[in-house]
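Enquirer: With the input below, show me the fold.
(2 chains, ligands or ions: 2)
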Amino acid sequence: MDMVHVKDVAHSFGREEVLKEVNLSIQEGEIFGLLGPSGAGKTTLVKMIVGILEADQGEAWVKDVKMPSLEQMKVLGYMAQSDALYNELSARENLDFFGSIYGLRTKKRKQRIEEVMNIVDLYDHLDKPVQKYSGGMKRRLSLAAALLHEPDLLILDEPTVGIDPILRQSIWNELKRWQQNGTTIIVTTHVMDEAGKCDRLAMLRDGYVIATGSPKELREKSHTETIEEAFLAYGGEKG
Amino acid sequence: MNIRALIIRILRQFRRDKRSMALMIVAPLLVLTLMWLVFDGDRYEPEIAVVDVPSPYVQVLEKQDAVIKEMSEVEAMNALQGVEVDAMIKMDQQSMQVALEGSDPSTNSAVKMTIQQAMKELGPQKSQLEPAFTYIHGSEDLGLFDNVGPVLIGFFVFFFVFIIGGVSFLRERTQGTLERLLSTPLRRWEIVTGYVLGFGLFTLIQSFIIAAYSIYVLGMWMDGSFWYVLLITFLLAMTALTLGTLLSAYANNEFQMIQFIPLVIVPQVFFSGLFNLDALAGWVQAIGKVMPLTYGANALRNIMIRGKGIESFQSDILILIGFAFLFFFLNIVALKKHRKL
Ligand SMILES: Nc1ncnc2c1ncn2[C@@H]1O[C@H](COP(=O)(O)OP(=O)(O)OP(=O)(O)O)[C@@H](O)[C@H]1O
Ligand SMILES: [Mg+2]
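Expert: Ligands and ions are numbered 1, 2, ... in the order given. Next up is the predicted model:
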C-alpha cells in the first residue's frame, strides 16, 4: 500500500502555474526527500498532501483516503516551513495546546512533551516564552510539536534550516530511528548531503517531477558522482 | 475537549499580553471618563422655583442636588424669563406641572433628573403623579445628551472588541498558526467556537467593568436593571468579535485591520442615535438598520434612560443575536478558503 499518492496534480496562483502535472507515490516506512530550487512548488505540494491546500486539478491521497480528511489528519504530523508558534506562550504551553488538540490525556501529554523536548534538545528551555527563542530553537520547537502525537506520517518542510551540524546530525539519527518504528517521513530540503540520506528522492522543477529514485539510482542514471551534480544534470537536461 | 484547549490557550495569551488586556478594559474607562468630564463636569445644580407645592414634596426636593426656592407664580414666571431659575414646579391636587426654561439641554436633563429622583424617593403611591413638562424655549428633543452615555458604553465595547478580536485572529493567520491548526483534526466550527468562547469569557468581564464603572463611578443616568445592561453590552461584544474575526480574513496585516475602523466603526456612531435622524430621508435612516450598534444603543437607552422592561428591547436582543450568529457562520465559511473540510 502506498502511504501517499499524488495524482495528476496541477495548481496555479493567479496566472503563475506552479505545478503542471505531478504524480508521486510514497511507500510506507520510507524517508522520502523532495528536492527542487526555491519557488519550485515544494511547499505547495506538501500542503496539498497535508490537506490545507486544494489543488486546482488532481488529488492527494494518504493511506487510500483522499485529503483533506480529518481521520488522516490525526495520524499526520506537519512541520511548516515558517514556524507556526504562539510567541507569547512558553514552549510547554504551546505543546500543551497542540497535544490537547490531538486528544492526548493530561498525563500522557506531559510525558510526551518531555520526551519530544529532549529529542530536540530544548528540555532546559521548556518554560521560556517562545519570543525569547532563537531562530534555530523555534525550528526545533516546531519539530517537537509535529512529533508530539506520534504520527504515522511525518511531513517536514525544510526541518533543519538554521540548525547547527551537530544537532542536525542527531535529528537525522532520530528520523532514522522513527523510520525503523514504521513512521513514513517526507522532507523537503535544499541540503544535498541530507538528500543523500533519504531512501528515495523526487526532483521538482518547472511544475514537473523531473526525476525520482534512490540517491544511488539518480547518480547512476545521470552518470554523476554526487546528488548535487545529478540535480544539476537533470535540471540542465530539461532546460 | 478541543474547544477547551483553544479557550485555555486564548486566556493564557491574554494573561501574557497585558497591553491588549489593558486596551480592552482601561482604554474604554479612560475615554468614558474624559467624555464624562466634557459632557458632565461638575453636575450642574439646577435652581428650581416651587409654587404651591406641599411641604413633604419640597423637603424631598431639597434633599436632591438642587437649589429650591419657594415663590408665587408671578415671581416664578419672571424669574424663569430672566433665567434666574431653570424651572418652575406648580402643583395642585391632580397634577404636577413643570415648566422648564429649556434652552440648555444639559440643564433640562439636570432638572428632570432631580425631579425623577425625588419622585422615586417619595415611593410608589405619591409618585403616581406624572409630572407634565412644558418648555418655554426649545423642547424635550433637546435632551440629546441624555442619549449619549448609553451609546458611548455600547460604542466603546464594540470598538475595542472589534479591534482586539480582529487583530488576534489576523495574527493567527499571518504567523501561520491558523494553517497549523487546520492541519490538525480540529473542525472549522470548533476553531471559531473556541475563539468566540475564549474571547467571550474575557469580554464578559470587560462588559461588567465598563458598565459598572459608567453607572456606579461616573454616575451615568441609570433607571433600569444592571443585568440588562450587561446582557446588551455582552451581545454587542460578541457581534463585534465575530465581525472583527470575519473581516480580518480580508486584511493582510494589522494596519489593514485598522483601515476597517473608518469603514465599519465610524459610520455606526452616526447612525446609532448619537444624532437625531428623524428629519432625514427614509433611505438614510435605513442605513442604520444594518448596523449592530443601532440596536445595541437603542436597547441601552431604553434600559438606562427610560427604565423600560425587556418587552421594549427584546427585538433588539434578537437582532443582535442574529447578527452574531450570522457573522459566526460566515467565519466558518470564510475558513473554507484554507481547508474545505
Ligand atoms: N499563497 C500564495 N499566493 C501566491 N503565490 C504563491 C503562494 N504560495 C506560493 N506561491 C508561489 O508559488 C511558487 C511556489 O512556492 P512554494 O512555496 O511552493 O516554493 P518552494 O519550492 O517551497 O520554495 P522554497 O524552497 O523557497 O521554500 C512561488 O513562485 C510562489 O511565489
Ligand atoms: Mg518552501
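Enquirer: Contact partners for residue B:317?
Expert: B:231, B:232, B:235, B:299, B:310 (C-beta atoms under 8 Å, 6 or more residues apart in numbering or on different chains). In this view, the C-beta of every residue, glycine as well, is placed from N, C-alpha and C.
Enquirer: Tell me which of those has the lowest pLDDT.
Expert: Within the contacts of residue B:317, pLDDT reaches its minimum at residue B:310, with 86.
Enquirer: measure it to chain A for me?
Expert: 39 Å (C-beta to the nearest C-beta, to the nearest Å).
Enquirer: What strand or helix carries the closest residue to that residue other than its chain neighbours?
Expert: Using C-beta to C-beta, 6 or more residues apart in numbering or on different chains and skipping residues adjacent in sequence, the residue nearest residue B:310 is residue B:228, 6.9 Å away. Here residue B:228 sits within helix B:226-248, counting by DSSP states H and E.
Enquirer: helices and strands around that helix, which ones?
Expert: Packing contacts for helix B:226-248, counted by 3 or more C-beta pairs under 8 Å, 6 or more residues apart in numbering or on different chains; DSSP states H and E, involve helix B:144-174, helix B:188-212, helix B:292-304, helix B:314-334.
Enquirer: CA atoms of the third one as CSV?
Expert: Provided in CSV are the C-alpha atoms of helix B:292-304 (Å, rounded to 0.1, in the frame of the first residue of the first chain):
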residue,chain,number,x,y,z
PRO,B,292,-25.5,46.3,15.1
LEU,B,293,-24.7,49.3,17.2
THR,B,294,-28.0,50.8,16.3
TYR,B,295,-29.8,48.0,18.1
GLY,B,296,-27.4,47.8,21.0
ALA,B,297,-27.6,51.6,21.6
ASN,B,298,-31.4,51.6,21.3
ALA,B,299,-31.7,48.9,23.8
LEU,B,300,-29.2,50.5,26.2
ARG,B,301,-31.1,53.8,26.0
ASN,B,302,-34.4,52.1,26.7
ILE,B,303,-32.9,50.4,29.7
MET,B,304,-30.8,53.1,31.2
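Enquirer: got the buried residues for that helix?
Expert: B:292-304 (16 or more other C-beta atoms under 10 Å in any protein chain shown).
Enquirer: re earlier: among the contacts of residue B:317, which two are most distant?
Expert: Using C-beta to C-beta, the contacts of residue B:317 span at most 13.1 Å, a distance reached by B:235 and B:310.
Enquirer: Compare the two (neighbour count), which wins?
Expert: Using other C-beta atoms under 10 Å in any protein chain shown as the criterion, residue B:235 and residue B:310 rank with residue B:235 on top: 25 against 14.
Enquirer: quick one, what contacts the more buried one?
Expert: B:296, B:317, B:320, B:321, B:324.
Enquirer: can you rerun that using 6 Å?
Expert: residue B:320 (C-beta atoms under 6 Å, 6 or more residues apart in numbering or on different chains).
Enquirer: What's the separation between it and residue B:322?
Expert: 10 Å (C-beta to C-beta, to the nearest Å).
Enquirer: Check residue B:210 too.
Expert: 24 Å.
Enquirer: how many other residues sit next to the residue nearest to residue B:310?
Expert: Counted with other C-beta under 10 Å, residue B:228 comes out at 20.
Enquirer: next one: residue A:176
Expert: Using other C-beta under 10 Å: residue A:176 sits among 12 other residues.
Enquirer: Identify each buried residue in the helix or strand hosting it, please.
Expert: Element membership for residue A:176, per DSSP H and E: helix A:165-180. Buried residues in helix A:165-180, defined by neighbour count with 16+ other C-beta under 10 Å: A:168, A:171, A:172, A:175, A:178, A:179.
Enquirer: Next, format those as JSON lines and append distance to chain B and pLDDT.
Expert: JSON lines is the format used below for those (distance: C-beta to the nearest C-beta, whole Å; pLDDT from 0 to 100):
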{"residue": "A:168", "distance to chain B": "22", "pLDDT": "87"}
{"residue": "A:171", "distance to chain B": "20", "pLDDT": "87"}
{"residue": "A:172", "distance to chain B": "23", "pLDDT": "90"}
{"residue": "A:175", "distance to chain B": "19", "pLDDT": "91"}
{"residue": "A:178", "distance to chain B": "19", "pLDDT": "90"}
{"residue": "A:179", "distance to chain B": "21", "pLDDT": "92"}
